[in-house]
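Student: here is a sequence together with a model predicted from it:
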Amino acid sequence: MNLDDLTRTSGEWLKGSGPESDIVMCSRIRLARNLATYPFINRASRGERADIEREFKAALVEGGLDLAYMDVQAMSPLDRQFLVERQLISREHANAEGPRGVAIGPEENVSVMVNEEDHLRIQVMHSGLSLNEVWERINHLDDRIEETLTYAFSPQLGYLTACPTNVGTGIRVGVMLHLPALVQTKQIDKVFRALHKINLAVRGLYGEGTQAFGDFYQISNQQTLGKSEVELNKNLSDVVPQIITYERQARKALVEERRQVLHDKVSRAYGVLKTAHTISSEETMLLLSDVRMGINLNLIDDLEISTVNELFIHTQPAHLQKLQGRPLEVDDRNIARASYLRARLSNGRHPAE
Amino acid sequence: MTCQRCKAEASVHLTESVDGRMREVHLCGACARKTGVTLPAEPPDLALDSVVQGLIVAHVGELVSELARKICPLCGLKFMEFRIGGRLGCPNDYEAFARGLLPLVKRAQDGVTRHVGKSPRRPPTAASTEQLKLRAQLREAISREDYEEAAKLRDQLRPQLKDAER
């Protein structure tokens, strides 16, 4: 697998399948792990970081793991941004320096960042609400890697991490939710406050400190110590259905109280996306969000949800430039984005790849 | 800029917020003292280390400042540096800085300081710590350009790297 192969496909987590996938875009778990025999990244020399990378690559071979390793250090900024947009590496990893990389699994369900904040950041994502399956898969992958590598661990504090906020299980259990009706009815802040009270964090589509866009929010645990992975998993699995219920209630209320207004808004959004000749990334996200909700409320019936999910990712700057095969300035990107949207939306039903 | 009260050269420049509006005030040293805006007896030491040390002593007391100077022998990180940057330097820091770190962990982790859940089937051994030590010595040897010593240390670490290169 190489990067150009990726431009022609999209991750399994965008398929729009799996339980509750009208609201839960995907479930995701990451584990922070460090090798016991090296300093953490901020004290490791370049040579040591190169050795960590080498040891991890050897572990992939040793364990017979079906992951393709990519050297992020050697990549162009555009390719790095492309991986960020696909949720396969973090912004920090893209912008860092020195030897580092990412191993990516088939269908993009699995990615392992090497030399990010911790030596290893293992991530597994699945479409829909499927935290138990995700946990089983990542737990197994973690075991396989550990057959070759020795992790930093203390019986009292668990897996030792560069930042003490991850120590213990090193786990972050998260779901990415699409909550347009809670945003439109201005109830979203209430929900967030309630989540903070029970120690859950809310982030935007691209992680820490990024603004939520397209009405997508990631909800995840903050505590990593003193509760088992299964407990932390259950905490989130218990809360998410409640948020789903709130969102469904808000959607129902919107439909019942303002059906014409809502239908108009959704149709206009769809209309603009199908006909615009230049469009910014922000506007695209906003309109796609309306269209996505419109499909789920049966107000639009000639478009697949997986197509919309894909468009959220494929209309972002690095994706457009990869698809066009050349670097584009903002104005040209806006034109390319509009033309890509028209092509993808023009023929009505457009089966997902 | 002249003093707003006596027209002498102003040496104190303040911006204050009154009812949400920003207001600038310019005063000479004498007028500033009269209006109760006190000046430090001598200019502050601008060396960052000592400023930060001073702040720590002032806010958290001598005990913490002693802790602040604590250095992990395996990675060379000072507790102070961790407090500024928020990232630890090596697995051994959790032991080296235990006294200062555990209260922070407790605060960040909902009052808990004991791991529950998965543990590795092959936990690290004394040999792992030994390798961390060798690496520390290697980094140190390289930094003082003692390449003979560095080569020796590298040889000691070699078996593991060979393993990785297979």
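Tutor: Done, it's in. Residues are numbered from 1 along each chain as shown, chains lettered A, B, ... in the order given.
Student: and A:Val266, backbone torsions?
Tutor: Backbone geometry at A:Val266, expressed as degrees, to the nearest 10, gives phi -60, psi -40.
Student: quick one: the helices in the stretch 151-300 of chain A?
Tutor: Assigned helices in the stretch 151-300 of chain A, in chain order: A:180-184, A:188-197, A:229-275, A:281-296 (criterion: DSSP state H, counting those that start in this stretch).
Student: flag the shaky bits of the stretch 201-350 of chain A, pLDDT-wise.
Tutor: Residues of the stretch 201-350 of chain A that meet the criterion pLDDT under 70 lie in A:206-212, A:347-350.
Student: next up, the contacts around whichever residue of it sits closest to chain B.
Tutor: Closest contact between the stretch 201-350 of chain A and chain B, by C-beta to the nearest C-beta, is at A:Gly226 (2.9 Å). For the C-beta atoms, the positions are set from N, CA and C on the backbone; glycine is no exception. Under the criterion of C-beta atoms under 8 Å, 6 or more residues apart in numbering or on different chains, the neighbours of A:Gly226 are A:Gly168, B:Gln109, B:Asp110, B:Val112, B:Thr113, B:Arg114, B:His115, B:Val116.
Student: how much space is there between the first one and B:Phe97?
Tutor: Taking C-beta to C-beta, to the nearest Å as the measure, A:Gly168 and B:Phe97 are separated by 17 Å.
Student: more crowded one of those two?
Tutor: Using other C-beta atoms under 10 Å in any protein chain shown as the criterion, A:Gly168 and B:Phe97 rank with A:Gly168 on top: 31 against 23.
Student: can you count the residues close to residue 156?
Tutor: I went with chain A, as the question did not name one. The number of residues packed near A:Gln156 is 13, by other C-beta under 10 Å.
Student: hmm, no, I was thinking of chain B.
Tutor: By the criterion of other C-beta under 10 Å, B:Gln156 has 13 neighbours.
Student: mind listing the helices for chain B?
Tutor: B:29-34, B:48-60, B:62-68, B:79-85, B:93-96, B:98-108, B:126-143, B:147-165 (DSSP state H).
Student: the longest strand along chain A vs chain B: in contact?
Tutor: Scanning chain A for the longest strand, with DSSP state E as the assignment, gives strand A:24-33. No: residues of strand A:24-33 are not located near chain B by C-beta under 8 Å from any C-beta of the partner chain, the shortest gap being 9.0 Å.
Student: strands paired with that strand, and their directions?
Tutor: strand A:120-127 (antiparallel), strand A:171-178 (antiparallel) (DSSP bridges).
Student: so what touches the last one?
Tutor: The set of residues that contact strand A:171-178 without belonging to it, under C-beta under 8 Å, 6+ apart, is A:22-32, A:129, A:131, A:135, A:166, A:205, A:214-221, A:224, A:229, A:232-233, A:235-236, A:240, A:243-244, A:247, A:289, A:292-293.
Student: go again using 7 Å as the cut-off
Tutor: Residues outside strand A:171-178 that contact it (C-beta atoms under 7 Å, 6 or more residues apart in numbering or on different chains): A:23-31, A:129, A:131, A:215-221, A:224, A:229, A:232-233, A:236, A:240, A:243, A:292.
Student: same question, stretch A:111-123
Tutor: Stretch A:111-123 is contacted by residues A:28, A:30-35, A:38, A:41, A:49, A:52-53, A:56, A:67, A:88-90, A:92-93, A:98-104, A:138, A:141-142, A:161-163 when judged by C-beta under 7 Å, 6+ apart.
Student: relative to B:Arg122, which of the helices of the stretch 151-300 of chain A is closest?
Tutor: Taking C-beta to C-beta, helix A:229-275 is the member of the helices of the stretch 151-300 of chain A nearest to B:Arg122, at 18.6 Å.
Student: elements contacting that closest one?
Tutor: On a contact count with 3 or more C-beta pairs under 7 Å, 6 or more residues apart in numbering or on different chains; DSSP states H and E, helix A:229-275 meets helix A:131-146, strand A:171-178, helix A:180-184, strand A:216-221, helix A:281-296, helix A:330-346.
Student: okay, those in TSV with mean neighbour count and distance to A:Arg268 next?
Tutor: Formatted as TSV, the helices and strands packed on helix A:229-275 follow (neighbours: other C-beta atoms under 10 Å in any protein chain shown; distance: least, C-beta to C-beta, whole Å):
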stretch	mean neighbour count	distance to A:Arg268
helix A:131-146	18	36
strand A:171-178	24	19
helix A:180-184	22	14
strand A:216-221	22	21
helix A:281-296	21	8
helix A:330-346	17	14
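Student: make JSON lines from the ones you listed and add distance to A:Val191 to it.
Tutor: Shown next, in JSON lines, are the helices and strands packed on helix A:229-275 (distance: least, C-beta to C-beta, whole Å):
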{"stretch": "helix A:131-146", "distance to A:Val191": "19"}
{"stretch": "strand A:171-178", "distance to A:Val191": "10"}
{"stretch": "helix A:180-184", "distance to A:Val191": "6"}
{"stretch": "strand A:216-221", "distance to A:Val191": "9"}
{"stretch": "helix A:281-296", "distance to A:Val191": "17"}
{"stretch": "helix A:330-346", "distance to A:Val191": "31"}
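Student: closest one to B:Glu24 among these?
Tutor: Smallest distance to B:Glu24 across those (C-beta to C-beta): 37.3 Å, for helix A:281-296.
Student: got the angle between the helix or strand just after the closest one and strand A:120-127?
Tutor: Downstream of helix A:281-296, the next assigned helix or strand under DSSP states H and E is helix A:305-314. Per axes from the mean of the first three to the mean of the last three C-alpha atoms, to 10 degrees, the angle that helix A:305-314 makes with strand A:120-127 is 150 degrees.
Student: show me what helix A:305-314 is packed up against.
Tutor: Packed against helix A:305-314 by the contact rule (3+ C-beta pairs under 7 Å, 6+ apart) you find helix A:281-296, helix A:330-346.
Student: mind giving me the packing neighbours of the longest one?
Tutor: When contacts are defined as 3+ C-beta pairs under 7 Å, 6+ apart, helix A:330-346 packs onto helix A:229-275, helix A:305-314, helix A:317-324.
Student: what distance separates that helix from the centre of its chain?
Tutor: On the basis of C-alpha atoms, centre = their mean, to the nearest Å, helix A:330-346 sits 23 Å off its chain's mean C-alpha point.
Student: what's the answer for stretch B:122-142, then?
Tutor: 23 Å.
Student: what do you get for stretch A:275-293?
Tutor: Centre to centre, stretch against its chain (C-alpha atoms, centre = their mean), the figure for stretch A:275-293 is 19 Å.
Student: tell me, what residue is most central in chain A?
Tutor: Using C-alpha atoms, centre = their mean, the residue of chain A that lies closest to the mean C-alpha position is A:Gln87, 4.3 Å off.
Student: which SS class is that one?
Tutor: What DSSP: H, G, I helix; E, B strand; the rest coil gives for A:Gln87 is coil.
Student: which outside residues touch stretch A:314-325?
Tutor: With C-beta under 7 Å, 6+ apart, stretch A:314-325 has contacts from A:7, A:78, A:81-82, A:85, A:281, A:284, A:313, A:327-328, A:333, A:336-337, A:340-341.
Student: show me what counts as buried in that stretch.
Tutor: Neighbour-count burial for stretch A:314-325 flags A:His314, A:Thr315, A:Gln316, A:Pro317, A:Ala318, A:His319, A:Leu320, A:Gln321, A:Lys322 (criterion: 16 or more other C-beta atoms under 10 Å in any protein chain shown).
Student: go on, stretch B:135-143?
Tutor: B:Arg135, B:Ala136, B:Gln137, B:Leu138, B:Arg139, B:Ala141, B:Ile142.
Student: can you put those residues in a markdown table and add distance to A:Val183 and pLDDT?
Tutor: Shown next, in a markdown table, are the buried residues of stretch B:135-143 (distance: C-beta to C-beta, whole Å; pLDDT from 0 to 100):
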| residue | distance to A:Val183 | pLDDT |
| --- | --- | --- |
| B:Arg135 | 50 | 92 |
| B:Ala136 | 51 | 90 |
| B:Gln137 | 56 | 91 |
| B:Leu138 | 54 | 90 |
| B:Arg139 | 50 | 89 |
| B:Ala141 | 58 | 90 |
| B:Ile142 | 54 | 89 |
